[in-house]
Every structure is written in C-alpha cells, then in structure tokens.
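*Asks:* generate a structure from the sequence data that follows.
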Amino acid sequence: MIIALFLIIDLEYQVNYQDPMKQIAFITIIVSFLLSACASLNIQEIKSMNKTHFLDMELSAGQEHNELRIDVIRQVTETYVDGSTTYYQDVPYHILGLDLGNGLFYDMNGNLSFRLDFLLDFNPEEPFEINENIKPGNDANIFLYAYINDVMGMTRLPQRNSKVLYHKQYYADSIAFMKNDRFRYAISTSDTSLSYTFKNNKPLRICKMDKHNYYSFRRKKLREFRNIDNTLLLGKTFTIRLSDDKNTITINSPWREQYNKKPRLTIQKNEDSIFIYSKGYKGKKIEFTDYGMLVTGTNLKPTLYKKVIGSENFSTQNPGYE
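*Replies:* This is a model prediction of the structure:
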C-alpha cells in the first residue's frame, strides 16, 4: 500500500500539482483515504472530540429524486443459490420518505441516509451542480450531476455527453417525472399528504395525523411513524433517539430496544466532521474541508463531493479542486 501511495503522489505531482500548497493538500487527502479505507474509525478522535449539538428531531413528509445521499443504513436483500452461495444486493432508494431533521432521510424502502443537499447546503429545486469524485486522483471516476430548467442530468467526466436522469412535467395537482418522454412516476401533494404513483400501481401515500405523527399506506398495508420527545418510532424498522444533551443520535431496531440491546449505530459530530459508527467503531466519517466534503470509512471507496458554481470552473486535470 505504501508503494502504491508514493506512485500515486508522484504521478499526480508530475501531471497536475505544480503548486506546492496543492501538492501538500492532495498528499494529505490520499494518506487519509488509504489509512481509513479498511480500518475502524479513529477511536481516540471520536472520544476526544468537542461534540456539537444536533437540532431537535422532526418528522415531515419528504421526497428526494436525485439519489444524492450518504448511506447510514442501506437495506439489502439476500438471494440464495444452491443452498451454499448468498448474494447481497442493495435495496433501491425510494423517492418518497420522511425528513427526520439534521439532514437525515428515511425512505419508504427502509433506507436511512443523509441528504447531500442538506450537507452541502443547496436547494434541490433550484439549479445546482455537484461533482462526485470516487477515489480522488482517478479521472475515470468523476461524475458531474447538474439540475437546470427542470432537467436532471449526469455526466461521467472527462466525457461531455450528459445522460438525462429525468425531466419534469407540471400539472394542476401533480408533477410527472419523465425520461426520454416516457413516464417514470408522479408526485401529488396536498396540505396533509404526499403521494407517489408508479405506472398503473396503486399510489403510495404518506399522510399527516397531527403535528408530530404520520402514517403511510399502500394496498391496505399501513405503517405508523411517531415523534415522541426526540425519539422517532419508524414502524418496525428503526427507533432513533436524540440524547438529552443533544450531542448524540442513536439508531436501533425495535426488537433490540425490547431486549435492551445496545444501539446499532451512533452519530456524533464536531464543527467539521460527522461520525457514524457501530459498537466496534466501524462506520463512516463525513469531513468538511476547503476542498469539498470527504466521505471515508470501513470498506468504503473514499469519495469527495463538491458543490460546483458552474461547469466552466470544473477541471478534469485537477479533480475536486479549484
């Protein structure tokens, strides 16, 4: 690994980084990535950090169409072959969900994540450009996401042919999301509900019961979601708690709660980082730097996200930096 590190640094120095300050910055990021890719998070860093407060938890019907999320807990399906081989596959994101406060989003497929629009502070309903650089230094893993004029597109750089992910069509009581003039799904909103319609299937609805509580239903399947004094009860999936001092968010399953088992995950933060970790300090670190938002962690491909003001400011010869 060390040899590979110096080869990468030497290559980037020759090609991209004649500026000494950028050389130092790039080396720091690469070292951080390589050291954190497989190991547990830095236990001492977590234990000694100056924790900052989270906002109160909340429940509100939400939607996230761009799949720009940082997974906290991604549901998986298991497929057994010949009784001896197991294949695991991520459950797809769902458009519809609940905003939980602090950027957390719970979708109707049971996936829990941080919204990128919250973390990078942009409005997904207004024009934006975001670049995602997987394993910084590799020009083949840079993706540019751009939303303008009701069209969402993705470009894998250095190519310049954008792939349209969807475009919107507006109606009196709904918005249809289209791709290549083919209907994908529609979202309808009212004062008390949010509905998702896919082809000819019956709508999936999230409805408001009162100020703090919601329920969803589809095909007679009903799930309730409650907020009781900064404790979120998300059906049979998760129990999410904000500590009394507001420094810690814990995530557990209802059955683990029933048997007083320790939380599956803990989330804490300081002024420039968010830590998501399990009992063994395995998990993710989201770090806000001058060069973008770095996401590193256990068995995770290091990724750098950056809000781009305009595509003319983005350089494939200098990924993730201005």
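
*Asks:* could you pull out the helices for the stretch 1-150 of the chain?
*Replies:* With DSSP state H, counting those that start in this stretch as the criterion, the stretch 1-150 of the chain has helices at 2-15, 20-36, 43-48, 116-119.

*Asks:* repeat for the stretch 201-322 of the chain
*Replies:* Using DSSP H, counting those that start in this stretch, the helices of the stretch 201-322 of the chain run over 254-258.

*Asks:* low pLDDT regions in it?
*Replies:* 309-322 (pLDDT under 70).

*Asks:* what are the ranges of the strands in it?
*Replies:* 204-208, 213-218, 221-227, 231-234, 238-242, 249-252, 265-269, 273-277, 283-289, 292-297, 303-308 (DSSP state E, counting those that start in this stretch).

*Asks:* make CSV out of these and add mean neighbour count and distance to residue 85.
*Replies:* Placement of C-beta: from N, CA and C, glycine included. Output for the strands of the stretch 201-322 of the chain, formatted as CSV (neighbours: other C-beta atoms under 10 Å; distance: least, C-beta to C-beta, whole Å):
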stretch, mean neighbour count, distance to residue 85
strand 204-208, 19, 33
strand 213-218, 17, 33
strand 221-227, 16, 31
strand 231-234, 20, 32
strand 238-242, 22, 30
strand 249-252, 20, 30
strand 265-269, 20, 28
strand 273-277, 21, 30
strand 283-289, 19, 28
strand 292-297, 22, 27
strand 303-308, 20, 29
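
*Asks:* just send those strands back as CSV, with distance to residue 135 too.
*Replies:* Shown next, in CSV, are these (distance: least, C-beta to C-beta, whole Å):
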stretch, distance to residue 135
strand 204-208, 36
strand 213-218, 38
strand 221-227, 37
strand 231-234, 33
strand 238-242, 31
strand 249-252, 28
strand 265-269, 25
strand 273-277, 20
strand 283-289, 16
strand 292-297, 11
strand 303-308, 8
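
*Asks:* between these, which gets nearest to residue 121?
*Replies:* Residue 121 sits nearest to strand 303-308 of all the strands of the stretch 201-322 of the chain, at 7.6 Å, using C-beta to C-beta.

*Asks:* who touches that closest one?
*Replies:* For strand 303-308, contacts defined as C-beta atoms under 8 Å, 6 or more residues apart in numbering pick out 29, 116, 119-122, 128-136, 144, 291-295, 314, 319-320.

*Asks:* any idea how far it is from the chain center?
*Replies:* 13 Å (C-alpha atoms, centre = their mean, to the nearest Å).

*Asks:* where's residue 225 relative to residue 233, distance?
*Replies:* Taking C-beta to C-beta, to the nearest Å as the measure, residue 225 falls 7 Å from residue 233.

*Asks:* for residue 128, which non-adjacent residue is closest in space?
*Replies:* Once flanking residues are discounted, residue 128 sits nearest to residue 122: 4.7 Å by C-beta to C-beta, 6 or more residues apart in numbering.

*Asks:* residues touching that neighbour, list them.
*Replies:* 128, 130, 307.

*Asks:* re earlier: rank the helices of the stretch 1-150 of the chain by mean pLDDT and give me the bottom one.
*Replies:* Lowest mean pLDDT within the helices of the stretch 1-150 of the chain: helix 2-15, at a mean of 37.
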